[in-house]
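>>> predicted model and sequence below, questions to follow.
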Amino acid sequence: MIKLENISFDHCIKCTVCTIYCPVARATHLFPGPKQSGPDAERLRIKNPELVDASLKYCTNCKRCEIACPSDVKIAEIIQNAKWNYLKINRFRPRDWFMSRTDFVGSIATRLSLMTNFVLKLRAVRVFMYLLLRIPYRRAFPNYERSTFENMFRKKIAPSQRDYEKRVVYFHGCFVNYNDHSLGKDFVKVMNAMNYGVDIMKEKCCGVPLIANGYIEKARKNAVYNIKSLQRAEQGKRIVTTSSSCAYALKYEYSSFLKLNNSGIIERTDHSTRFISEEFSLGNVPKMKRLGIRAAYHSPCHLECMGGVMHTLNVLKMVPALDLVVLNSECCGIAGTYGFKNENYAISQSVGSRLFAMIDDAHPEFVITDCETCKMQIEMNTSYRVLHPVTVIAMALKEE
């Protein structure tokens, strides 16, 4: 018997606009497209699970199909559900396990950061990872900090935040916690300049890498922990994150894909530029100096799906003397851990090739984007440094 919750694919009108906008279908014949792998194939899968198509694994879950769909079919969600419900993978996968356990790996790597950062650049280690773990030889890894942002914040930043009457809760995410403290510091600096203090709660990885690698139950456990932790924050206090993927997970993946009740946090949770844009519109604009730089802006897929790009652009337009080139919407191709897998590397690079060419043609001094993995991909494939919009605002702030 067909369950009623499984018939959302019937809203598909077979217009194939999703396939036209799919960056993976454009890059490889191995993926037939969102319509074929999603709504079309789902009609067969619910009758006979053995009809599952292995091409599901090539979907990056970039959500561009859902953005383009005129019938609001959750195509990417259908594909993700099918991938992990039908493609039963029982064997232990060391590479995918470690890539999805960002808290476990990050906690060790930060304690041994000097050695970790050195070892990951050795040719012999990269060959080893390629041969035994199937991680692309050319893939660049981000450096690890010497401690977690959480520990650093509580020791050095938290005491000064008690002086502010208004405060926000900062969901910093794994990248800031283990790889980029400077972005977290820039966020605090910008919030303070707008007369907001910053608090942090105990948190775990938002679950996006776990979902991408098929560890759904572990992702659900992390989500439950985060929901409970964030709900303990003072009622009415806004929850803000600098990661577009974390924001998408907290607001949408928890309820739609993981089937959890996140009603206690969904209305309070926002990506950083949306919160800043709202404050700017109310007249809460800190004093900023003229930057006098040229930058190209790349819009991340998950931020586009949330409709958050306009908030980032509104904020960047307020920065004095920022010559901003808004690039055409293109996927960078890395899709979290997707581009860290050898079987996906060529596809990942092909998907991002249009974006890399546009960046080179723009001749910027910097590239700006809201996503940490987009930053990794662009910096690896171009000669430009990539900044977060919050960092750009922090650069423009006038020192008191």
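Thanks, I have it. What you see is a predicted model, and the numbers here were worked out from it, not measured in a lab. Residues are numbered from 1 along each chain as shown.
>>> which stretches in the stretch 101-250 of the chain count as strands?
Here the stretch 101-250 of the chain has its strands, by DSSP state E, counting those that start in this stretch, at 167-170, 197-199, 239-241.
>>> give the partner strands of the longest one in its sheet and their orientations.
Read it as strand 167-170. Take DSSP bridges as the rule and strand 167-170 pairs in its sheet with strand 197-199 (parallel), strand 239-241 (parallel).
>>> so which bits of stretch 260-276 are buried?
Within stretch 260-276, the residues that count as buried by 16 or more other CB atoms under 10 Å are 260, 262, 265, 268-276. C-betas here are computed from N, CA, C, even on glycine.
>>> from those, which is closest to Thr148?
Ser272 (19.7 Å; CB to CB).
>>> next up, the contacts around the closest one.
Residues near Ser272 by CB atoms under 8 Å, 6 or more residues apart in numbering: 187, 240-242, 370, 389-390.
>>> what about 6 Å?
Going by CB atoms under 6 Å, 6 or more residues apart in numbering, Ser272 touches 240, 242, 390.
>>> same check, this time on Tyr164
Neighbours of Tyr164 in contact, by CB under 6 Å, 6+ apart: Gly197.
>>> how about 8 Å then?
Contacts for Tyr164 (CB under 8 Å, 6+ apart) come out as 192, 195-197.
>>> same deal with Arg134?
Taking CB under 8 Å, 6+ apart, we find Arg134 in contact with 95, 341-343.
>>> buried among those residues? Make that a ChimeraX selection.
Per 16+ other CB under 10 Å, the buried members of the contacts of Arg134 correspond to this ChimeraX selection:
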select :95,341,342
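>>> ok, the contacts of Arg134 vs Phe31, which is closest?
Glu343 (12.3 Å).
>>> SS state for the closest residue to Asp53 other than its chain neighbours?
Nearest residue to Asp53, sequence neighbours excluded (CB to CB, 6 or more residues apart in numbering): Ala41, at 5.9 Å. The three-state assignment at Ala41 reads helix, by DSSP: H, G, I helix; E, B strand; the rest coil.
>>> quick one: Ala41 and Glu66, what's the gap?
To Glu66, Ala41 is 17 Å away according to CB to CB, to the nearest Å.
>>> repeat for Asn195
Relative to Glu66, and taking CB to CB, Asn195 is found at 37 Å.
>>> what's stretch 82-102 in contact with?
By CB under 8 Å, 6+ apart, stretch 82-102 touches 37-38, 41-42, 45, 49, 52, 54, 56-57, 59, 104-105, 133-135, 174, 178, 205, 209-210, 212-216, 218, 337, 340-341.
>>> can you say which of those residues are buried?
The buried subset of the contacts of stretch 82-102 - by 16+ other CB under 10 Å - is 37-38, 41-42, 45, 52, 56-57, 59, 105, 133-135, 174, 178, 205, 209-210, 212-216, 218, 337, 340-341.
>>> take the residues you listed and keep only those in helices.
Taking DSSP state H as the definition of helices, the buried ones among the contacts of stretch 82-102 contribute 41-42, 45, 105, 133, 174, 209-210, 212, 216, 218.
>>> among the residues you listed, find the lowest-pLDDT one for me.
Least confident of those in the model: Arg45, at 81.
>>> list just the nearest of the buried residues of stretch 260-276 to Val24.
The closest of the buried residues of stretch 260-276, once distances to Val24 are taken by CB to CB, is His271, at 24.7 Å.
>>> skipping adjacent residues, who's closest to that closest one in space?
What sits nearest to His271 in space, not counting adjacent residues and going by CB to CB, 6+ apart, is Ala247, at 4.1 Å.
>>> show the contacting residues for the one you found.
Contacts for Ala247 were tallied using CB under 8 Å, 6+ apart; they are 241, 269-271, 302-303, 306, 308.
>>> relative to Ser263, how far out is Gln231?
Distance, Gln231 to Ser263, by CB to CB: 10 Å.
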